[in-house]
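# Need a 3D model of the following:
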Amino acid sequence: MWWIWIASLVVILDQITKWLATTYLETIGFSAFIPGFISFQYVLNPGAAWGMLKNHPWIFLSLSTLAIVGIIVFMVMYKQRHTLLTLSLSFILGGGIGNMIDRIFYGKVVDFLHFEWIQFPTFNIADSAITIGGILMLVWVIFIDFPCERRKEKEKKAQANQLHEENYDISDS
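Alright, predicted model coming up:
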């Protein structure tokens, strides 16, 4: 159940940093942290990245609820999981809950981290956790799950061939 601690840590860190952003950035709007690289920029985002679907908040609440419930059910029901999969889902869960809290209480998500050197939307800790979780899951799929499934398929084929050969040998005698 260590995944609960990871998800909780993400939610706590996300909510504290959003509170700090609201408390200190809301009035000034912008503060250069490392000029030319990253700044703190207070943004209330009613939609997704780049403000997409901002007039449809129910979509985000519905999808967030489904994802959060789905992850929790999966984690509780399937105890035999790879550590990397569990870690990735913990980050996604924590990030999803963090942004959902904002949507429920404010109708918008507080974003405050902005990369100045690339054209990228302002984001927050929850967004970062979801992205990190997605990357970890991709690594798990490509380097762990996919090779494991291929190995299982080869073993099944080998067993089927062996069984077929044994049956063939028995019928010949």
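
# what ranges do the strands span in the protein?
30-34, 38-45, 109-115 (DSSP state E).

# any idea which of those is most buried?
strand 109-115 (a mean of 21; mean count of other Cβ atoms under 10 Å). Just so you know, the C-beta spots here come from the backbone N, C-alpha and C atoms, and that holds for glycine as well.

# what about the longest helix in the chain?
Ranked by residue count, the top helix of the chain under DSSP state H comes out as helix 146-172.

# wait, what's in contact with residue 139?
Residue 139 makes contacts with residue 84, as judged by Cβ atoms under 8 Å, 6 or more residues apart in numbering.

# cool, residue 125 as well?
Residues in contact with residue 125 (Cβ under 8 Å, 6+ apart) are 10, 13, 14, 17, 18, 95, 98, 113.

# So which of these are in helices?
Reading helices off the contacts of residue 125 with DSSP H, I get 10, 13, 14, 17, 18, 95, 98.

# so which of those comes closest to residue 27?
The nearest member of these to residue 27, counting by Cβ to Cβ, is residue 18 at 15.5 Å.

# pLDDT score assigned to residue 153?
Per-residue confidence for residue 153 comes out at a pLDDT of 77.

# Next, work out how far apart it and residue 139 are.
21 Å (Cβ to Cβ, to the nearest Å).

# Residue 148 now?
With Cβ to Cβ as the criterion, residue 148 and residue 139 are 13 Å apart.

# excluding its backbone neighbours, what's nearest residue 60?
Here the nearest residue to residue 60 in space, its sequence neighbours aside, is residue 103; by Cβ to Cβ, 6 or more residues apart in numbering that works out to 5.9 Å.

# pLDDT value on the one you found, please?
Looking at residue 103, the pLDDT reads 93.

# Residue 37 too?
95.

# ok, now residue 171?
57.

# Ok, residue 162 next?
Model confidence at residue 162 (pLDDT) stands at 75.

# quick one: contacts for it?
With Cβ under 8 Å, 6+ apart, residue 162 has no contacts at all.

# From residue 155, how far out is it?
Residue 162 is 10 Å from residue 155, by Cβ to Cβ.

# Burial check on the residue lying closest to residue 144 once chain neighbours are set aside, number of neighbours?
Excluding its sequence neighbours, the residue lying closest to residue 144 (Cβ to Cβ, 6+ apart) is residue 82, at 5.9 Å. For residue 82, the count of nearby residues is 12 (other Cβ atoms under 10 Å).

# how far away is residue 82 from residue 140?
Separation of residue 82 from residue 140 (Cβ to Cβ): 6 Å.

# pLDDT-wise, which helix or strand of the protein ranks last?
helix 146-172 (a mean of 71; mean pLDDT, DSSP states H and E).
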